[in-house]
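*Asks:* kindly generate the corresponding structure for this input.
(one chain, ligands or ions: 2)
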Amino acid sequence: MAVPTIALYTSSPSTICSSPHPCQLNSHASYDLEFTSRSSSLASTTATSSPNPVVGGLSSLFSSTAPRHSLLSSSISSGGDELGSFRHDKGEELKELSSSFRYSPSKFIGSFFNRDQSPVSVFQGPVSCGCCGVGSAARTPPLRTVWERSGEASFHGRGSTNRLFNGFVRNALGSCVDYDSPRLEVPSDVLDVGSSTLFGDELTFNMEDNITEGKSESYAKDLLVSAQSKHKIFCDESVIKAFFEAEKAHRGQTRLSGDPYLEHCVETAVMLALVGANSTVVAAGLLHDTLDDSFVSHDYILGTFGVEVADLVEGVSKLSHLSKLAREHDMADRMVEADRLHTMFLAMADARAVLIKLADRLHNMITLDALPLIKQHRFAKETMEIFVPLANRLGIYSWKEQLENLCFKHLNLEQHNDLSSKLMGLYDEEIIHSAIEKIERALKDKGTSYHAVTGRHKSVYSLHRKMLKKNLTMNEIHDIHGLRLIVENEEDCYEALKIVHQLWPEVQGKLKDYISKPKLNGYQSIHTVVRGEGDVPLEVQIRTKEMHLQAEFGFAAHWRYKEGDSKHSSFVLQMVEWARWVLTWHCETMTKDRSSINSVKSTCKFPFHSSDCSYSYKPHCFQDGPLFVIMIENEKMSVQEFPANATMIDLLERAGRGSTRWAHYRFPVKEELRPRLNQEPVSDPKCKLKMGDVVELTPPIPDTSLIEYREEIQRMYERGFTVATPQPAGWMS
Ligand SMILES: Nc1nc2c(ncn2[C@@H]2O[C@H](COP(=O)(O)OP(=O)(O)OP(=O)(O)O)[C@@H](O)[C@H]2O)c(=O)[nH]1
Ligand SMILES: Nc1ncnc2c1ncn2[C@@H]1O[C@H](COP(=O)(O)OP(=O)(O)OP(=O)(O)O)[C@@H](O)[C@H]1O
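*Replies:* Ligands and ions are numbered 1, 2, ... in the order given. Next up, the predicted model:
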């Protein structure tokens, strides 16, 4: 059979345009400072604003004097061998799920082309998010609508640092990355995947196996066209190739709802593309379930796509396994375990694998409706505990909001619906839209430099949380509509404040000047509330770009501010900053502007990188840091923290402290009775533990063999726990 030739459309590579997304910051300000006069000097401000070395490092990301800390190299292997045996069958998470999204290419494509083409629509929450098909899922008002006008005119010619800053701002602002023209309007009749009539360049891979006749061909083609219409990265050769490999791997598989399995993979990949992920991550997103759900092996992906994609897919598989453990086991202390799990996730897998897992979970949450209620509840709970904080730490705020709102809906339907319907009447995109225009015009008229003006609606869940926390009614919340101005310098902040107060009347008693009196964590910004159009309260935050970076990446960083600093060890702080940095580079700046990267390559500003850092992810930090290991005993799961270099003996000794069973324990001869490390019976008690290891202390023993084991168990307990002199080959009783 002749090999079909596939032509590939290759317009200019995807570029990121400035399109907004706010970051989420909590208002549980512990240090509420009232407005004080502007006269306080910046000098005193900065003197008190950086109590942690991290601050200096992060706030000076773009200065040549950024401090360098020595790199702590890794105890974490990038490969998946330590959990290699953990292939859980058939993608448990997805098997449980069915999609509420009905596959309908015409509806899908049609709704896409019909909808507002502005970048804003991409970032609305589940209801209005055309890309994820949740429009009718819940009676939820638009959960987030973000607008940004970047004042580029006033900052032209700043060169790479400025572009780099834009990257950070966008990242910090959340998944506000949109592309200049992400959607490629490809009429489906033009993309003839089955024959050889694609446009542009030829694909270099063999399509012979990829196309089957009839139904499957057209459904796959429609899915690809639909993805391409949302983002042109789906025209990249490697991504198309991944698409067809995923199609082959999942051919014939459906979700509980009856939808083709491939649809989930494509939707996951689309979400990744829309937050700015590059083709490696998008390809891995398409393939993310192949290891668990098909006969595709790591080696095959390695050979076909290279090490990066293969390791990412394996990383996602590991995370899926851990997530399943967390979902299915009772935890000793949910808060503590969840907190350690977040760190473990970030430490054991490439941050990009976490990103893919997050997208996977977001799509699963969007399509959760068809599951039995009890499972919906379980997923929502786990999502709230594990994935929301991860999205927060990684700075993907639009996903965080969507996840939170969906969890809220599934965990607390009544309250969700009640608040949503009240918000329906309140949200007004036009208020924010016109406020941005008005403020921009006024800033330009007065000649005040500004960097960006963003706006957002408060999400349903955020509103619910704030009302609960502060015991307020909805009318008492003043930041349902909010604007943020990022200006050039401190003087401009006060200029901009004057302008804002000239445009709209100020709500008395709401002005806070955290510039002249920074919060103890270093947070600086001016907050004011004004009465906008229709007398609607509008919160306006004004800060410089340095202050903004500090608020997003520094000691006052949003995720810490949200979570509270005290409980985190420096290991966690470093881990998170590292992960955010890596993600920023890989999923945004790398894609966007290679020239700016090249120009700063030799002077990496990240405070914890080694001098030979190439910006590519190596999970190599924190050799000296603690490691987290999952311990399962009697169906209960706990995440244990150990110092680096801890061994199995340390774990057993710790377990022994709380239980008589392990206090006087000697390893049994029979393998089935030994603790298991990543599903294998432990063969060397002195083996070192690794980040993400799973140790089962009480492996299930088959009922039928119990009699056989009785004698051995008896001996085990009689002789006590003596691992100090393990036998070389197997352990003797
Ligand atoms: N990154 C960061 N953002 C902060 C911090 N403190 C406040 N913010 C931002 O500022 C907003 C309002 O904070 P405040 O003006 O202190 O207000 P509040 O005390 O929370 O109460 P409200 O006026 O009711 O909003 C928050 O919602 C955040 O967006 C901080 O320490 N770090
Ligand atoms: N006035 C504003 N203008 C633009 N973006 C904002 C504004 N206020 C907050 N944001 C950003 O919008 C996102 C969501 O904000 P949200 O109000 O839900 O949380 P928050 O800022 O933590 O507030 P709170 O704790 O008071 O509820 C955050 O990323 C936050 O940084």
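*Asks:* which secondary structure elements does the strand or helix carrying L390 contact?
*Replies:* With the criterion set as DSSP states H and E, the secondary-structure element containing L390 is helix 388-394. Contact here means 3 or more Cβ pairs under 8 Å, 6 or more residues apart in numbering; DSSP states H and E; on that basis helix 388-394 packs against helix 334-348, helix 351-366, helix 397-411, helix 558-563, helix 570-584. For the C-beta atoms, the positions are set from N, CA and C on the backbone; glycine is no exception.
*Asks:* only C-alpha atoms, please: export the first one in PDB.
*Replies:* Only the C-alpha atoms of helix 334-348 are listed here, as PDB (Å, rounded to 0.1, in the frame of the first residue of the first chain):
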ATOM      1  CA  ARG A 334      -5.300  14.700  55.700                       C
ATOM      2  CA  MET A 335      -3.900  18.200  56.000                       C
ATOM      3  CA  VAL A 336      -0.300  17.000  56.800                       C
ATOM      4  CA  GLU A 337      -0.400  14.300  54.300                       C
ATOM      5  CA  ALA A 338      -1.800  16.500  51.500                       C
ATOM      6  CA  ASP A 339       0.900  19.100  52.200                       C
ATOM      7  CA  ARG A 340       3.600  16.600  51.900                       C
ATOM      8  CA  LEU A 341       2.100  15.100  48.800                       C
ATOM      9  CA  HIS A 342       2.200  18.400  47.100                       C
ATOM     10  CA  THR A 343       5.800  18.700  47.700                       C
ATOM     11  CA  MET A 344       6.400  15.100  46.800                       C
ATOM     12  CA  PHE A 345       4.600  15.600  43.500                       C
ATOM     13  CA  LEU A 346       6.800  18.600  42.600                       C
ATOM     14  CA  ALA A 347      10.000  16.900  43.800                       C
ATOM     15  CA  MET A 348       9.600  13.500  42.200                       C
END
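*Asks:* still on that earlier bit, closest to ligand 2 out of the helices and strands packed on helix 388-394?
*Replies:* Checking these against ligand 2 by Cβ to the nearest ligand atom gives helix 397-411 as the closest, at 4.7 Å.
*Asks:* is any residue of the closest one near ligand 2?
*Replies:* Yes. Against ligand 2, helix 397-411 shows contacts by Cβ under 6 Å from any ligand atom at Y397.
*Asks:* list the buried residues for the helix or strand hosting V529?
*Replies:* Per DSSP H and E, V529 falls inside strand 526-531. Neighbour-count burial for strand 526-531 flags 526-530 (criterion: 16 or more other Cβ atoms under 10 Å).
*Asks:* which residues touch the closest residue in space to E382 that isn't next to it in sequence?
*Replies:* Once its chain neighbours are removed from consideration, E382 has its nearest residue in R327; the separation is 4.6 Å (Cβ to Cβ, 6 or more residues apart in numbering). R327 sits next to 378-379, 382 when contact means Cβ atoms under 8 Å, 6 or more residues apart in numbering.
*Asks:* what about R327, which helix or strand?
*Replies:* In the assignment (DSSP H and E), R327 maps to helix 307-328.
*Asks:* for the record, mean pLDDT for that helix?
*Replies:* Helix 307-328 carries an average pLDDT of 90.
*Asks:* what's the angle from it to helix 334-348?
*Replies:* 170 degrees (axes from the mean of the first three to the mean of the last three Cα atoms, to 10 degrees).
*Asks:* okay, now K446: neighbour count?
*Replies:* 12 (other Cβ atoms under 10 Å).
*Asks:* that older thread, any chance of TSV for the helices and strands packed on helix 388-394, columns mean neighbour count and distance to S229?
*Replies:* Formatted as TSV, the helices and strands packed on helix 388-394 follow (neighbours: other Cβ atoms under 10 Å; distance: least, Cβ to Cβ, whole Å):
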stretch	mean neighbour count	distance to S229
helix 334-348	22	33
helix 351-366	26	18
helix 397-411	26	20
helix 558-563	21	33
helix 570-584	22	26
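*Asks:* returning to that earlier point: got the contact list for the helix holding L390?
*Replies:* Taking Cβ under 8 Å, 6+ apart as the criterion, the residues outside helix 388-394 that touch it are 24, 338-339, 342, 345-346, 351, 354-355, 358, 397, 399-400, 403-404, 407, 558-559, 562-563, 576, 579-580, 583.
*Asks:* among those, which are within reach of ligand 1?
*Replies:* Among the contacts of helix 388-394, ligand 1 is touched by H558 when using Cβ under 6 Å from any ligand atom.
*Asks:* okay, and I486 sits in which element?
*Replies:* strand 481-487.
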